[in-house]
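Visitor: Next one to model:
(one chain, ligands or ions: 1)
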Amino acid sequence: MDRKIVKELIQEQLNAVAGAHGFQAEYSDFLPNVIVINHIDIKHEKLQKLPSEVMVDLDCAAAVLRGAHIYAPGVLSMISGTLIGDKVSIYADLNRKCKKGLLKIFPDSRKVFLGNGVVKMTRSMLFGDNLAPKGVAVGVTETISGCPSIGDAFLPSGFAMLQNLPSIMCVNALDPQKNDLVLDMCASPGNKTIHIAALMENQGTLIAIDKTAGKVAQLRKTCQIFAAKVRIFQADSSKIAVEDPGQTAANVDQGPPFLPETFDKILLDAPCRVLGKRPEFHNRVTEKVLKSYVPLQRKLFTSAVSLLKPKGRLVYSTCTITLAENEGIVEWALRTFKCLRLVNIAQHFGSPGWPGTTLTEVQRTKVQRFGPNLDPDT
Ligand SMILES: C[S@@+](CC[C@H](N)C(=O)[O-])C[C@H]1O[C@@H](n2cnc3c(N)ncnc32)[C@H](O)[C@@H]1O
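Guide: You can find the predicted model right below:
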C-alpha cells in the first residue's frame, strides 16, 4: 500500500478519535519510513477543570494517560444527578481512599487531575445492586498527556505498525542491509523484526528467536501479517552459541546452535522490567525482581558477542530506565569484551547516558536514553 494512502487512513482514524483536539499524521523529516503522530503539548494548567467529576482507579488512570476511554469497572465515583452527555473532569485516586459509588466531590488534595470527558453511563448503570457493568462509562476528550486513543485496529493491517521513537532508533542503529545475516535475539512480538525485514527489503537472512512457545507463536503471527521473510526459532538465546570448539553447527537457516562469528548484525532487545515505558501510578516491583534482570542481560550479551562477526554491529536496547540495565550493562560489556568498541550513531534523538557508572562523558554521548531526559541528579 502506498505511503500516502497509509497516511490518509491514519488521519481518518485520528479525526474519529481526536475529541477536542486535532491530531495530525505527518511524514517525518528525518526518518524516511515513518509517519509521525505527535502528541499534543497540552500544559496541565491550560485544561479547564470542570465542576463535575469522576474518580477512577489507578489502573484505569494509567490507561487514560495512554489514550484510553474510561470503562465501567474503573469508575469509583460520579456525582449524583450526572446525566449522559454531561462533561466531567477525571481524577485518579492516588491514595486509594475513594469509596466505590461515592456520590459527591471527593475531598482529597492528592487526587490527580487527568483530563476531561463526556459521560456515557449514569450512576444507576454503574453502581446499581448486582451489576457487573461493561463498556465505556466516560468518553475521554482531552488529557494532560495529550495522547490520542489508538489501538491495534488503528492502522491498516500488514502495512504499518505502531512504534515509538526509541524502538525505531534501535533498528536504525542496527542499520540492516539487504544481504546481511541478521539475528534478532529476543524478538517477540516482532515489532523490531518487521522493521528489520523491511529495511532488508525481505532479502538476506533474518533469524528471529524467542524463548517461549507462546511468544514464538505471537512472533510468527506478526511476521505472517506483514509477509516478512524471517526464519523463526524457539530457543534460549543465552545458549544458542556453539561452545565446544570441536562441535559443528548446521546451516544457519536450520536454527541454533550457531557457530561463533556468524552474524553481521545482532539486535539484543533484552528482557527488562519495563519501567518508564508507560505512565504508571503505582508499581509493586521488588528490589529482588529488579536486580534479577542484570544477570540474564549479561548472559544474553555474552552469547551475542560470541555470535558477532569481527566488524559486525551489535545493538543493545531495553525499555526500562534503570542505570544497572542500561549504562551499567554497556560499561560491564566494554570492560569484559575487549573486542567491543562503542560507536556513534548518526541519528541522535535521545539524550546522553546518565552518569553513575564508569562510562566516560564521551562514552555517555554515544549511548542514547529516551525519557525521562533529565539526569538523575537534577
Ligand atoms: C523486550 S521484549 C522484545 C520486544 C521485541 N524485540 C519487539 O520489538 O517487538 C523481550 C523478549 O525477550 C524474550 N526473552 C526473554 N528471555 C529470553 C531468552 N533467554 N532467550 C530468548 N528470548 C528471551 C521475551 O519472551 C520477550 O518476548
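Visitor: CA only for contacts and neighbour counts going forward, please
Guide: OK.
Visitor: Do a quick rundown of the strands in the stretch 1-150 of the chain.
Guide: Assigned by DSSP state E, counting those that start in this stretch, the strands in the stretch 1-150 of the chain fall at 25-27, 35-37, 53-56, 70-71, 75-78, 87-92, 112-119, 136-143.
Visitor: how about those strands, which one is nearest Gly101?
Guide: strand 75-78 (4.9 Å; Cα to Cα).
Visitor: could I get that closest one in PDB with only the CA atoms?
Guide: This file holds the C-alpha atoms of strand 75-78, laid out as PDB (Å, rounded to 0.1, in the frame of the first residue of the first chain):
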ATOM      1  CA  VAL A  75     -15.000   4.200  37.800                       C
ATOM      2  CA  LEU A  76     -15.100   4.800  41.500                       C
ATOM      3  CA  SER A  77     -17.300   7.800  41.900                       C
ATOM      4  CA  MET A  78     -19.700  10.000  40.000                       C
END
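Visitor: Can you name the residues of this structure sitting close to the ligand?
Guide: 185-192, 209-211, 215, 235-238, 269-271 (Cα under 6 Å from any ligand atom).
Visitor: among those residues, which are in helices?
Guide: Residues of the residues of the chain next to the ligand located in helices (DSSP state H): 191-192, 215.
Visitor: And the average pLDDT for stretch 216-224 is what?
Guide: Mean pLDDT, computed over stretch 216-224, is 97.
Visitor: Now that stretch: buried residues?
Guide: 216-220, 222-223 (16 or more other Cα atoms under 10 Å).
Visitor: picking that back up, in TSV: the ones in helices among the residues of the chain next to the ligand, plus neighbour count.
Guide: As requested, those are exported to TSV (neighbours: other Cα atoms under 10 Å):
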residue	neighbour count
Asn191	17
Lys192	23
Lys215	18
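Visitor: Surely Ser303 is in contact with Ser237?
Guide: Yes. Here Ser303 reaches Ser237: they are 7.2 Å apart, a contact under Cα atoms under 8 Å.
Visitor: Distance check, the closest residue to the ligand within the stretch 1-150 of the chain against Leu206.
Guide: Per Cα to the nearest ligand atom, Val34 is where the stretch 1-150 of the chain lies closest to the ligand, at 15.8 Å. Distance check for Val34 against Leu206: by Cα to Cα, to the nearest Å, it reads 21 Å.
Visitor: For Asp244, report the pLDDT, please.
Guide: The model's pLDDT for Asp244 equals 74.
Visitor: just to revisit the earlier point, neighbours of the residue of the stretch 1-150 of the chain closest to the ligand, how many?
Guide: Using other Cα atoms under 10 Å, Val34 has 19 other residues around it.
Visitor: In the stretch 101-250 of the chain, mark out all the helices, start to finish.
Guide: 123-127, 165-174, 191-199, 213-225 (DSSP state H, counting those that start in this stretch).
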